[in-house]
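Student: just need the structure, nothing else, for what follows:
(one chain, ligands or ions: 1)
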Amino acid sequence: MTNANDTVSSVWNKPLEPPAKIPESADVVIIGGGIVGVSTAWFLARQGIAVVLCEKGHIAGEQSGRNWGWVRVQGRDTREIPMMLESLRIWESLKEETGEDVGFTRGGCFFTANSSKELQSFEDWVDVARDYEIDTRLINATELQKYIHGAAIDWAGAMVTMNDGRAEPHKATPAIARAAAQSGATVLPGCAVRGIETSGGAVSAVVTEHGTIRTSTVLCAAGAWTSMFCRSLGINVPQLRVRGTVARTAACESVLDGNVFDARLGIRRREDGGYTVAHGSVLEHPVTPSSFKYFFKFLPALLQEFKVVRLSFGREFVDEWTTPRVWDLDRLSPFEEVRVLDPEPTPAVLKGIRRNLDKMFPQLVNTPIVESWAGVIESSPDVVPIIDSVDSVKGFHVATGFSGHGFGIGPGAGKAIAGMLTGTDTGIDLAPLRLSRFFDGSPIRPQSAI
Ligand SMILES: Cc1cc2nc3c(=O)[nH]c(=O)nc-3n(C[C@H](O)[C@H](O)[C@H](O)COP(=O)(O)OP(=O)(O)OC[C@H]3O[C@@H](n4cnc5c(N)ncnc54)[C@H](O)[C@@H]3O)c2cc1C
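Tutor: Numbering: from 1, shown residues only. Model prediction:
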């Protein structure tokens, strides 16, 4: 039986709840109620910082509520690993700290290999794991069968990290937002930020659709909207969007307990006994003016992902083309016009997911897909985040570009970003994630997939 609690789209398919009033001032204002914004708010509030978080739509209404729910260190870019290891520690204690079950469990992360050559290709990352004392190893087909039951695929083996896990995206981000509020943060869904005011080159206030909040410190954690928001302030943040289609099955017999990635299917066990499933190698990039503007910066990522990313031409081009670069702060902004970025799942991709699921696990042929949705992933050129203070506007900071793997790292990022905002050393080096790496001649080299 379907439980309303398991319905992923419940986080964005609900009436907007605009705030009755907003604070006049704050130490820090955060733009964006995804996992990065709410985690940062939580860490700041616990230090007694007066923090206000503004979300134009719903908490977790965009990427953070729509993702696959993988919480993994396996396969990551080395620049993300220390933050991700910290994140795993935070996930482990999240239930106790927030008082809510967000479905976090360590069921392991498996990247399957179809040939012994593909299996060997994972060895480089096993070496990386060894450097960080991460328990990643290669396993053969016989051992893989202990973890994946009844698959009709002749895999050669897999790379596995048993300490990796999963959580329920539609529960986790709202739970952290509630924890932040309980610690003293003011969390304002239905409150779009239109822009900021400055005085002497420094942030002096945030202008929202419901009024102005005086502050000297702003974090823009606006996900897929960050580039547009920053452009209105004259700040160049290279970012492109891709769309992913996702589905979930009804509760069914267990074929695996962790997360399995195969080029045909990404599949993970859900807390409700079903599976979250997606195509392993289809992402759609709606071509927009930004695709041309940032073409060369994204070329290495595009070459790496050319088999995965499908270009589509549709109204996104016209939408971006007709969106003003700057707008008056006393009028409706582009953020109020699109409260929730809610793309349609692509029917052909859904068919492919069903076909691949049935082929891979024939015992699930009669298990219905009970919900499907799509999400817009925003990516940086080297597919790792940008976390930085912006030199040109004192007090303005960005945290974006988490690409297709920002959910798992979100709580760790929140801790590191809170440290950046308060000048506290968290032991996580943010220098490799600076914005200027895309402009200072540093080579742009993605180490992992989107
Ligand atoms: C299909 C899919 C699968 C994925 N799978 C995984 C996975 O398995 N594991 C993993 O780790 N990651 C995964 N990701 C990536 C992950 O979801 C994202 O990296 C992460 O959620 C980004 O969080 P965020 O807080 O930066 O952005 P978001 O969650 O996008 O939040 C940004 C928020 O800012 C708000 N906002 C924007 N502009 C304004 C404004 N002007 N005023 C107020 N609010 C504003 C938006 O409404 C939005 O809610 C996946 C993503 C997708 C879409």
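Student: how many residues are close by the closest residue to His210 other than its chain neighbours?
Tutor: Distance criterion Cβ to Cβ, 6 or more residues apart in numbering; nearest residue to His210, sequence neighbours excluded, is Ile22 at 5.1 Å. Every C-beta, even on glycine, is put in place using the N, C-alpha and C of the backbone. Ile22 has 19 neighbours, counted by other Cβ atoms under 10 Å.
Student: pull the number of nearby residues for the nearest residue to Phe104 once chain neighbours are set aside.
Tutor: Leaving aside its chain neighbours, Phe104 sits nearest to Ala167 (4.2 Å; criterion: Cβ to Cβ, 6+ apart). The burial count assigned to Ala167 is 26, neighbours taken as other Cβ under 10 Å.
Student: and Ala167, how far is that from Asp262?
Tutor: As judged by Cβ to Cβ, to the nearest Å, Ala167 and Asp262 stand 21 Å apart.
Student: same check, this time on Pro334
Tutor: According to Cβ to Cβ, Pro334 and Asp262 sit 38 Å apart.
Student: shaky segments in this protein?
Tutor: Filtered on pLDDT under 70, the chain yields the residue ranges 1-2.
Student: now do the SS call for the spatially most central residue of the chain.
Tutor: Nearest to the mean C-alpha position of the chain, counting by Cα atoms, centre = their mean, stands Gly406 at 3.4 Å. Classification of Gly406 by DSSP: H, G, I helix; E, B strand; the rest coil places it in helix.
Student: let me see the contact set for it.
Tutor: 34-36, 63-64, 385, 413 (Cβ atoms under 8 Å, 6 or more residues apart in numbering).
Student: so it versus Gly419, what's the distance?
Tutor: 18 Å.
Student: then Asn163?
Tutor: From Asn163 to Gly419 the distance is 24 Å (Cβ to Cβ).
Student: likewise Cys54?
Tutor: Applying Cβ to Cβ to Cys54 and Gly419 gives a distance of 22 Å.
Student: compare the two (neighbour count), which wins?
Tutor: A direct count of neighbours by other Cβ under 10 Å for Cys54 and Gly419 places Cys54 higher, at 28 against 19.
Student: thought that one was touching Val193?
Tutor: Yes. Using Cβ atoms under 8 Å, Cys54 makes contact with Val193 at a distance of 4.9 Å.
Student: who touches both of the two?
Tutor: 29, 31, 206, 208.
Student: so which of the residues you listed is the closest to Ser281?
Tutor: Ile31 (33.1 Å; Cβ to Cβ).
Student: neighbours of the closest one, just the number please.
Tutor: Ile31: 28 surrounding residues under other Cβ under 10 Å.
Student: swap in Glu336?
Tutor: Using other Cβ under 10 Å, Glu336 has 15 other residues around it.
Student: what of Val326?
Tutor: 10.
Student: that one touches Phe229, doesn't it?
Tutor: No. Val326 is not in contact with Phe229 according to Cβ under 8 Å; the separation is 11.0 Å.
Student: intersection of neighbour lists for these two?
Tutor: Shared contacts of Val326 and Phe229, defined by Cβ under 8 Å, 6+ apart, are not found at any residue.
Student: nearest to the ligand: which residue in the stretch 101-250 of the chain?
Tutor: Ranked by Cβ to the nearest ligand atom, the top residue of the stretch 101-250 of the chain for proximity to the ligand is Gly223, at 2.4 Å.
Student: for the stretch 51-200 of the chain, what spans make up the helices?
Tutor: 63-66, 81-98, 116-121, 123-131, 141-147, 169-182 (DSSP state H, counting those that start in this stretch).
Student: Val340 is nearest to which of those helices?
Tutor: helix 63-66 (9.6 Å).
Student: mind checking how far that closest one is from the chain centre?
Tutor: Remark: helix 63-66 is offset 7 Å from the chain centroid, using Cα atoms, centre = their mean, to the nearest Å.
Student: and it, what does it pack onto?
Tutor: On a contact count with 3 or more Cβ pairs under 8 Å, 6 or more residues apart in numbering; DSSP states H and E, helix 63-66 meets helix 169-182, strand 369-379, helix 406-422.
Student: 6 Å instead, please
Tutor: The criterion is 3 or more Cβ pairs under 6 Å, 6 or more residues apart in numbering; DSSP states H and E, and the helices and strands that helix 63-66 contacts are helix 169-182, strand 369-379.
Student: other SSEs contacting the last one?
Tutor: Using 3+ Cβ pairs under 6 Å, 6+ apart as the contact criterion, the neighbours of strand 369-379 among helices and strands are helix 63-66, strand 240-249.
Student: using PDB, write out the CA atom coordinates for the longest one.
Tutor: The C-alpha coordinates for strand 240-249 follow below in PDB (Å, rounded to 0.1, in the frame of the first residue of the first chain):
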ATOM      1  CA  LEU A 240      25.000  24.700 -16.900                       C
ATOM      2  CA  ARG A 241      21.900  22.600 -16.300                       C
ATOM      3  CA  VAL A 242      21.100  19.000 -17.200                       C
ATOM      4  CA  ARG A 243      17.900  17.200 -16.600                       C
ATOM      5  CA  GLY A 244      17.500  13.700 -15.100                       C
ATOM      6  CA  THR A 245      14.400  11.500 -15.000                       C
ATOM      7  CA  VAL A 246      13.800   9.400 -11.900                       C
ATOM      8  CA  ALA A 247      11.200   6.800 -10.800                       C
ATOM      9  CA  ARG A 248      10.400   4.700  -7.800                       C
ATOM     10  CA  THR A 249       8.900   1.300  -7.600                       C
END
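Student: and the following helix or strand past that strand with the ligand, contact?
Tutor: Per DSSP states H and E, strand 240-249 leads on to strand 259-262 as the next helix or strand towards the C-terminus. No. Strand 259-262 is not in contact with the ligand by Cβ under 6 Å from any ligand atom; minimum separation 7.6 Å.
Student: what's strand 259-262 in contact with?
Tutor: Applying Cβ atoms under 6 Å, 6 or more residues apart in numbering, the external contacts of strand 259-262 come out as 70, 109-112, 166, 267-268, 280.
Student: re the thing from before, make TSV out of the contacts of Gly406 and add distance to Phe402 and neighbour count.
Tutor: Formatted as TSV, these follow (distance: Cβ to Cβ, whole Å; neighbours: other Cβ atoms under 10 Å):
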residue	distance to Phe402	neighbour count
Gly34	9	28
Ile35	9	31
Val36	7	30
Gln63	8	26
Ser64	9	30
Pro385	5	27
Ala413	7	29
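Student: nearest to Ser10, of the residues you listed?
Tutor: Of those, the one sitting nearest to Ser10 (Cβ to Cβ) turns out to be Ser64, at 14.1 Å.
Student: wait, doesn't the closest one sit right on Gly37?
Tutor: No. Applying Cβ atoms under 6 Å as the test, Ser64 and Gly37 come out as separate, 8.7 Å apart.
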